[in-house]
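Visitor: predicted structure and sequence below. I'll ask about it afterward.
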Amino acid sequence: MGSSVGVALLNTVAVTATAAALSADVRVGRPSCAADAMAAGFATASGWAGGILIVGAVVALLLVRVPRPQPRQHTEVFESAAGLSRSRPAKN
């Protein structure tokens, strides 16, 4: 669902930028070129997508904290494999 919302948002940005480029050409008196306006719209949407990607990466780097496991001593590994524990005495 998130990707469909993102595509819809970027499509809106591209269409808005394309329409703005076409109307700017008409106001200046140049003949409007749909291909140039469409390229401008896609370039604008790509810029926004890159910005959103960078912001998301920075947020992920700042918020996601994974604790590093403490290294275990070799004796602990062997004791746990043998079923022994330091907290309780071994049964005889």
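Guide: Good, I have the coordinates. Residues are numbered from 1 along each chain as shown.

Visitor: mind pulling up the pLDDT for L61?
Guide: Per-residue confidence for L61 comes out at a pLDDT of 92.

Visitor: same for the host helix or strand of it, what does it pack against?
Guide: Per DSSP states H and E: L61 is located in helix 34-63. When contacts are defined as 3 or more CB pairs under 8 Å, 6 or more residues apart in numbering; DSSP states H and E, helix 34-63 packs onto helix 2-28. Placement of C-beta: from N, CA and C, glycine included.

Visitor: so which bits of the helix it packs on are buried?
Guide: L10, V13, A14, A17, T18, A21, L22, D25 (16 or more other CB atoms under 10 Å).

Visitor: quick check: T18 touching M38?
Guide: Yes. Applying CB atoms under 8 Å, one finds T18 in contact with M38, separated by 5.5 Å.

Visitor: so, low pLDDT: which residues of the chain?
Guide: Applying pLDDT under 70 to the chain picks out residues 26-29, 31-32, 72-92.

Visitor: change it to 90
Guide: Residues of the chain that meet the criterion pLDDT under 90 lie in 1-3, 6, 21-37, 64-92.

Visitor: next one: M38 from A20, what distance?
Guide: 12 Å (CB to CB, to the nearest Å).

Visitor: oh, that last question was meant for N11, not what I typed.
Guide: From N11 over to A20 (counting by CB to CB), the distance is 15 Å.
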